[in-house]
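J.: Can you look at this prediction? I've put the sequence above it.
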Amino acid sequence: MGYSGVLGALQKWDKRAGSWARSRGRGAVALHEFICFGVKQASACLFGGSMVLLLGLSWAFYPQHVALARYDFLTLAALAIQCILIATKLETLEEAKVILLFHVVGTAMEVFKTSMGSWIYPEPSLLRIGGVPLFSGFMYASVGSYFARVWRLFDFRFTNHPSFAATVYLAAAIYANFFTHHFLPDMRFALFVAVAVLFGRTWVYFRIRRVHRRMPLLLGFFLVAMFIWFAENVGTFTAAWRYPSQNHGWHIVPVSKLGAWFLLMIISYVMVSTVASGGARTRRAAAGGEAGGGQAGS
């Protein structure tokens, strides 16, 4: 059964489940929609979840003293996953472009950060740039993959969205600060304020099945940052990378790291809106104040 066959089967199942839920009342309808929400989120996390799973499995079962280093295996496995997702049409070419862009941007920052001692990759590998194994770029790409897929699956629309140019300037300032704060005053607090000012009134509308629901976009950024923080704990626990404070034993990544991941959400969001089809929607929302279907949830 190909991708279209699987999709058709899922749609038939969803239709039957929806009919059953409506016959059982509002509680069953809410449960059905919650399950659909989880399925869509799991689909959006397909690439990122696969990478986190690989980190855990390779840490637990990858044989020692083999010719192919674990980090190189992770790089080749990530490439294989990408090819499979594209071949099975579980990932579009637009989403693949986002992943490639994130890989480049993420790897550039990794090379700089490791040279400054912010964190290290303790295992040997051949497929690397400086002290950075190439699989690390795919970890950043996982974030881009998630945003691109969730945007499409939930049919995002917005109200009170800031101008597209303003979001680009903000994202550029955030990315620059990841580098410059090693030499100049850290502008992180000012960037948090700028994010709050720009996105404080923005609502994102997302469609689980038929009706658009809404939530503050800032809350969405925070929730995604929190899940990335959980994934980062998996990465450091499996020794995929380590912070200096973890050299003598693993411990939970400080909650303060949530701030860095929150700012990364802004970069991710803007890059996806630029490369993916969502860019046009964002610009229309900024120009008109409300997306064409932004009131769908009312």
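T.: Looks like it came in fine.

J.: alpha carbons only for contacts and neighbour counts from here, please
T.: Noted.

J.: List the contacts of residue 178.
T.: Residues near residue 178 by CA atoms under 8 Å, 6 or more residues apart in numbering: residue 109.

J.: any idea how far it is from residue 242?
T.: Separation of residue 178 from residue 242 (CA to CA, to the nearest Å): 18 Å.

J.: And residue 203, by the same measure?
T.: 36 Å.

J.: List the buried residues for stretch 41-58?
T.: 41, 43-49, 51-52, 54-56, 58 (16 or more other CA atoms under 10 Å).

J.: Okay, and which of the residues you listed map to helices?
T.: In helices, defined here by DSSP state H, the members of the buried residues of stretch 41-58 are 41, 43-44, 46-49, 51-52, 54-56, 58.

J.: check contacts around residue 222.
T.: residue 262.

J.: er, residue 208 actually
T.: By CA under 8 Å, 6+ apart, the neighbours of residue 208 are 33, 36, 37, 40, 154.

J.: Among those residues, pick out the one closest to residue 129, please.
T.: Nearest to residue 129 among the contacts of residue 208: residue 40, at 35.1 Å, using CA to CA.

J.: which one is the closest one nearest to, not counting chain neighbours?
T.: Leaving aside its chain neighbours, residue 40 sits nearest to residue 153 (6.7 Å; criterion: CA to CA, 6 or more residues apart in numbering).

J.: quick one, phi/psi of that neighbour?
T.: Main-chain dihedrals, residue 153, degrees, to the nearest 10: phi -70, psi -30.

J.: ok, how many other residues are close to it?
T.: Per other CA atoms under 10 Å, the neighbour tally for residue 153 reads 18.

J.: do residue 61 as well
T.: 8.

J.: and the gap between it and residue 220?
T.: From residue 61 to residue 220 the distance is 35 Å (CA to CA).

J.: ditto for residue 259
T.: Applying CA to CA to residue 259 and residue 220 gives a distance of 14 Å.

J.: who touches residue 253 in this structure?
T.: 229, 232, 233, 236.

J.: Tell me the most packed of the residues you listed, by neighbour count.
T.: Counting by other CA under 10 Å, top hit in the contacts of residue 253: residue 229 with 23 neighbours.

J.: Please report how far that residue lies from residue 70.
T.: Residue 229 is 23 Å from residue 70, by CA to CA.

J.: Likewise for residue 106?
T.: When residue 106 is compared with residue 70 (using CA to CA), they lie 20 Å apart.

J.: distance of residue 211 from residue 154?
T.: On the measure of CA to CA, residue 211 and residue 154 end up 10 Å apart.

J.: want to throw the ones in helices among the buried residues of stretch 41-58 into JSON lines with pLDDT?
T.: As requested, those are arranged in JSON lines below (pLDDT from 0 to 100):
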{"residue": "41", "pLDDT": "91"}
{"residue": "43", "pLDDT": "87"}
{"residue": "44", "pLDDT": "89"}
{"residue": "46", "pLDDT": "89"}
{"residue": "47", "pLDDT": "90"}
{"residue": "48", "pLDDT": "91"}
{"residue": "49", "pLDDT": "92"}
{"residue": "51", "pLDDT": "93"}
{"residue": "52", "pLDDT": "93"}
{"residue": "54", "pLDDT": "94"}
{"residue": "55", "pLDDT": "95"}
{"residue": "56", "pLDDT": "94"}
{"residue": "58", "pLDDT": "95"}
